[in-house]
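Enquirer: Below is the sequence, then the predicted model.
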Amino acid sequence: MNYRLHLDAKKELQEATYYYANVSQSLADGFLAEIEECISRILTFPEAWTPLPSGARRCRTNRFPYSLIYRRQDDLIFIMAVMHFHRKPGYWEYRDQS
């Protein structure tokens, strides 16, 4: 199974990594490792994570206040958002396969 990030999800990931790097490079490295672990869990068990009303699913990180919002489409996991817990819920729902 493969995955792809929405362009805005890539931007969210970069912004969060930049924020943590300004605090501590080891914190930024830990954040990226946590995101990679979430992606690995999603790829292994795509149906295991919390379903949302929109049909997407949410996989939370363990150490950071972020979730990956994704949809499964056959053999592709499309990550729509790298969502901070304090953002407005559902801001990502307009995102399509772009």
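Expert: Perfect, I can see it now. Nothing here was measured: the structure is a model prediction, and the numbers come from that model. Residues are numbered from 1 along each chain as shown.
Enquirer: Could you give me the buried positions within the lengthiest helix in the chain?
Expert: Longest helix in the chain by number of residues (criterion: DSSP state H): helix 25-44. For helix 25-44, burial by neighbour count (16 or more other Cβ atoms under 10 Å) applies to 27-28, 31, 35, 38-39, 42. All C-beta atoms are positioned from the backbone trio N, CA, C, and that covers glycine.
Enquirer: other SSEs contacting it?
Expert: strand 2-5, helix 7-23, strand 57-60, strand 66-73, strand 76-84 (3 or more Cβ pairs under 8 Å, 6 or more residues apart in numbering; DSSP states H and E).
Enquirer: what do you get if the cut-off is 7 Å, keeping everything else the same?
Expert: Secondary-structure packing of helix 25-44 (3 or more Cβ pairs under 7 Å, 6 or more residues apart in numbering; DSSP states H and E): helix 7-23, strand 57-60, strand 66-73.
Enquirer: any idea which helix or strand comes after that helix?
Expert: Remark: after helix 25-44, the chain's next helix or strand is strand 50-51, criterion DSSP states H and E.
Enquirer: mean confidence for that next one?
Expert: For strand 50-51, the mean per-residue pLDDT is 86.
Enquirer: do stretch 79-92 as well
Expert: What stretch 79-92 shows for mean pLDDT is 76.
Enquirer: same check, this time on stretch 26-46
Expert: Per-residue scores along stretch 26-46 average to 97.
Enquirer: For it, C-alpha coordinates in PDB please.
Expert: C-alpha atoms of stretch 26-46 as PDB (Å, rounded to 0.1, in the frame of the first residue of the first chain):
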ATOM      1  CA  SER A  26      15.700  16.800  18.900                       C
ATOM      2  CA  LEU A  27      12.000  17.700  19.400                       C
ATOM      3  CA  ALA A  28      11.600  18.200  15.600                       C
ATOM      4  CA  ASP A  29      13.300  14.900  15.000                       C
ATOM      5  CA  GLY A  30      10.900  13.300  17.500                       C
ATOM      6  CA  PHE A  31       7.900  14.900  15.800                       C
ATOM      7  CA  LEU A  32       8.900  13.600  12.400                       C
ATOM      8  CA  ALA A  33       9.600  10.100  13.800                       C
ATOM      9  CA  GLU A  34       6.100  10.200  15.400                       C
ATOM     10  CA  ILE A  35       4.500  11.200  12.100                       C
ATOM     11  CA  GLU A  36       6.400   8.400  10.300                       C
ATOM     12  CA  GLU A  37       5.200   5.900  13.000                       C
ATOM     13  CA  CYS A  38       1.600   7.100  12.400                       C
ATOM     14  CA  ILE A  39       1.900   6.600   8.700                       C
ATOM     15  CA  SER A  40       3.300   3.100   9.200                       C
ATOM     16  CA  ARG A  41       0.400   2.200  11.500                       C
ATOM     17  CA  ILE A  42      -2.100   3.500   9.000                       C
ATOM     18  CA  LEU A  43      -0.500   1.600   6.100                       C
ATOM     19  CA  THR A  44      -0.500  -1.600   8.200                       C
ATOM     20  CA  PHE A  45      -4.100  -1.200   9.600                       C
ATOM     21  CA  PRO A  46      -5.900   1.400   7.500                       C
END
